[in-house]
Every structure is written in structure tokens, then in C-alpha cells.
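Chemist: any chance you can model this:
(one chain, ligands or ions: 1)
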Amino acid sequence: MKYPHTFRSKMPKVETTIFTVMSALAQEHGALNLSQGFPEFDGGERLRKAVNQAMKSGHNHYAPMAGHMPLREAISEKMEDLYSAKYDPEKEITITAGGTEAISSALTAMIREGDEVILFAPAYDCYAPIIELNGGKPVFVELNPGDYSIDWEKVKRVMNYRTRMIIINTPHNPTGSILNAQDIERLAKLLKGTEILVLSDEVYEHILFEGYEHQSVARFPDLAERSFLVYSLGKTYHNTGWRLGYCLAPENLMEEFRKVHQYSVFTCNTPMQHAFTEMISDSSTYSELGAFYQEKRDLFRESIKGSKFKALPCAGTYFQLLDYSKITDESDLEFAKRLTREFKLASIPISVFYPNSIDNKVLRFCFAKESDTLRRAAEILNTVGK
Ligand SMILES: Cc1ncc(COP(=O)(O)O)c(C=O)c1O
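Modeler: Numbers count the residues shown, from 1 in each chain. Coordinates of the predicted model:
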């Protein structure tokens, strides 16, 4: 079709995501797909029944703009139980269309032309495009190679009067690293006396291993008072396609957030909000999630011990990074594609998460898969480079 008009893209840098590219390649070559960042299993019978029940009971029309009140109340109680944090369900909690909408609405509500936003590379891919769409400038600080920790001195050096916000993400996608209490305290100290806001992406809050505690910004009142906190029900309950999450922020920030949410989403689907109210009110629905994924992580790591890949530390999320530098000096993108074509195993090259495509010869594998899938993937990895 021919259009009579011309236009300039508002997002000229945005291309087809690597996730789409690798998944399409996996399909074309009949490859096992460990590139996708979502579980192979779903949320289970209890949740499905609760959704059905909500639908049958007539909860099929608009929920309040900020979300079904009993769900917001359940979230408020959960935040108090887990992090001793008080969030008012009336004014400080909004149900969103996944973590993605929470991030996008928070950035859109806060970022103006010329504002700088500090974020860490490698970074989850949805932050920078939305910052730029709003006229802001992403300022990347590279995580320390190896353990992907934050060098706070580097952060201090890039902070200036234009810095409007800093985005943190713990547990971290794509690296599986986490922030500890000293990190968060250091951040609080750095921001003291400034007007810099925080966006804390905590969508993997329940997926930490070896007894590590999630250091939610909510635990730190000095930071919480300037922070948007982002969560994803899809990550916690294995249903990323249902598109539900939530955002928490102090009243004055949440008021602005809701102005954007109201006119982009208005409100999220009602029956699922009813169903999640029941789930969130029962801590046993999320308290074992870390142990559940740790078993998968351990199975995967154990099964590739004889391979030429080196498994990097993984303290949280369902992503395992593998260093392949002993196998080839191909770029990570080339190698990921070849692994898919020739060995029938798809992964994600980490360079795509850096603004300047830094290539540390590392690939990301998602282990939110059935044991059999993980064993088959390991069998493949064990043959590569031999
Ligand atoms: C770090 C991070 N933040 C946010 C999201 C988005 O979550 P949702 O699927 O709920 O939109 C994801 C999803 O992969 C993620 O990995």
C-alpha cells in the first residue's frame, strides 16, 4: 500500500528486538529455544480456576483506574510483611499492564526534554527507548565485567544537575547479579540532597538463590520516598502473557504516574486482578519460587560441567550467562546465530544490551524450562568446541 504522506520515525533507533530475531531463527532451524525470557510451564490450576470464577461471577467490566482495590490492599500488606514498608493502596499503588507499562508510564510521567537518566549496561532493553521518546538522554554506566557489580564511583562521576533519574534492576536481567544492602545504602547516600528520582525494577524479587535476601528499595525509607518500584505478576506466577504487574510510589509521584496510566491503559483486565488478589494474599504462592528456580539453575550448571563453556555466577533471575571465550573468538551475535543454526540451540548474545555493543563473549540462556529441556540443552552444549 502507498501512503500519501511522509513522516519521520519518533524512534528511529528501534529495530526488531534480538528476542524476535533469535526466536524466529530457532523456529526456522528447529532449535531448542533458551533465548526466550519466559517459563515453559504455566501458572497452574488454582489461578486458572480463580480467573474463571471471577469471569463467571460477572467481573468483566472496567476495574477502577488504579486497579481492583482488594488487590492493591493485598499488595500493600505483602510489602509490609516482606519489606516493612507502608504503601497506601488508595494513593500509592497502581496495577499496570505488566512491568513494562509500569516502567514506561513512570518514565513518561517524569522525563522531560534534556533530562539525563543513569542506567547500567548491560541493561534490560525497554528503558532507553522510552527515555529517548520523552526527550531524555540515557547515560550508561558499565557494570564491572566478571561479577556485574556496580562501581558507585563511576555513578558519582556522571551525576550532574541534568540527572533526573537513576534506574536500578535487582535481581538483574540479563546478568543474574543482585544488589546487596551496601549497594542500596551507597545509592541512598549518593542521592541525598539531590532531587534525583529512582526507578527500581524488581520484577524478579522472588527469584534469588542460596538464601540471599532481596534488597528492595522499599526497605530503605530515604530512597523509597523518591522511588518508583516495579513488579511483574507474570514473572512471579508464570503467566507473562496475562500482562499484569504493579507500580508503587509515594503519593506525589504516583499522582503523576496515574495521569499517564489513565490515558494509555486506563485500567487492566478485571477477572485476573480478582484472581491475583487470592494468590498474593497467600505467601505460599511465592515463597518457594527461589528454591524452585535454584533447582533448575543447579541442574543446568551441573549438566554442562564437562563443557567448554564457563558458567558465570548467577544469584537471581532465571538467566544463566555462559562465557564461550575458550571455544571461539567469533562475536557473540555470530556465535549465537551459529549455535542456533548448526547446534540447534538458541540463546541471547549479551552485546545487544550494551549501547556500544561491548562483546565479552557471553551468551544468556533462560533456565525457566522443564528438566528434560535443560538436559537436552546441556547435551548440546557439551558437544560444542570438541
Ligand atoms: C528486568 C525486567 N524488567 C521488566 C520486565 C517486564 O516485565 P513484564 O513482562 O511484566 O512486562 C522484564 C521482562 O522480561 C524484565 O526482565
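
Chemist: show me what contacts the residue lying closest to residue 105 once chain neighbours are set aside?
Modeler: In this structure, residue 105 finds its nearest non-sequential neighbour in residue 260, 4.4 Å apart by CB to CB, 6 or more residues apart in numbering. C-betas here are computed from N, CA, C, even on glycine. Neighbouring residues of residue 260 by CB atoms under 8 Å, 6 or more residues apart in numbering: 105, 108, 109.

Chemist: closest one of those to the ligand?
Modeler: The closest of the contacts of residue 260 to the ligand turns out to be residue 105 (CB to the nearest ligand atom; 11.7 Å).

Chemist: wait, isn't the closest one in contact with residue 264?
Modeler: Yes - contact criterion CB atoms under 8 Å: residue 105 and residue 264 qualify, at 6.7 Å.

Chemist: show only the entries of the contacts of residue 260 found in helices.
Modeler: Secondary structure from DSSP state H places 105, 108, 109 of the contacts of residue 260 in helices.

Chemist: for the second one, which non-adjacent residue is spatially closest?
Modeler: Leaving aside its chain neighbours, residue 108 sits nearest to residue 260 (4.8 Å; criterion: CB to CB, 6+ apart).

Chemist: related to what we said a few turns ago, between residue 105 and residue 264, who's got more neighbours?
Modeler: residue 105 (27 against 13; other CB atoms under 10 Å).

Chemist: who touches the helix or strand hosting residue 231?
Modeler: Secondary structure assigned from DSSP states H and E places residue 231 in strand 227-232. Applying CB under 8 Å, 6+ apart, the contact partners of strand 227-232 are 98-99, 102-103, 106, 197-203, 205, 216-218, 240, 244-249, 253, 257.

Chemist: looking at those residues, which are in helices?
Modeler: Per DSSP H, the subset of the contacts of strand 227-232 in helices is 98, 99, 102, 103, 106, 253, 257.

Chemist: looking at those residues, which two lie furthest apart in space?
Modeler: 98 and 253 (19.5 Å; CB to CB).

Chemist: between those two, which is the more surrounded one?
Modeler: More crowded of residue 98 and residue 253, by other CB under 10 Å: residue 98, with 23 against 20.

Chemist: quick one, what contacts that one?
Modeler: Contacts of residue 98 by CB under 8 Å, 6+ apart are 232, 234, 240, 243, 244, 245.

Chemist: ok, now residue 258?
Modeler: Going by CB under 8 Å, 6+ apart, the list of residues near residue 258 reads 65, 66, 94.

Chemist: hang on, the earlier thing: as a markdown table, the ones in helices among the contacts of strand 227-232 with pLDDT and distance to the ligand would be great.
Modeler: Listed next are these as a markdown table, based on pLDDT from 0 to 100; distance: CB to the nearest ligand atom, whole Å:
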| residue | pLDDT | distance to the ligand |
| --- | --- | --- |
| 98 | 98 | 3 |
| 99 | 98 | 3 |
| 102 | 98 | 8 |
| 103 | 98 | 6 |
| 106 | 98 | 12 |
| 253 | 98 | 19 |
| 257 | 98 | 16 |
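
Chemist: before we move on, the earlier item: do the next helix or strand after the strand holding residue 231 and the ligand meet?
Modeler: Downstream of strand 227-232, the first helix or strand assigned by DSSP H and E is helix 233-236. Yes - remark: helix 233-236 sits within contact range of the ligand at residue 234, by CB under 6 Å from any ligand atom.

Chemist: is the helix or strand where residue 298 lies positioned near the ligand?
Modeler: Assigning secondary structure by DSSP H and E places residue 298 in helix 289-303. No - in terms of CB under 6 Å from any ligand atom, no part of helix 289-303 sits within range of the ligand; the closest distance is 13.7 Å.

Chemist: need the helices for the chain, in chain order.
Modeler: Under DSSP H, the chain gives helices at 18-28, 45-56, 69-83, 98-110, 127-133, 152-158, 181-191, 221-224, 233-236, 251-264, 270-280, 289-303, 332-343, 371-383.

Chemist: coming back round to it: among the contacts of residue 98, name the buried ones.
Modeler: The neighbour-count criterion (16 or more other CB atoms under 10 Å) marks 232, 234, 240, 243, 244, 245 among these as buried.

Chemist: pLDDT-wise, what's the bottom of the residues you listed?
Modeler: Of all the buried ones among the contacts of residue 98, residue 240 carries the smallest pLDDT score, 93.
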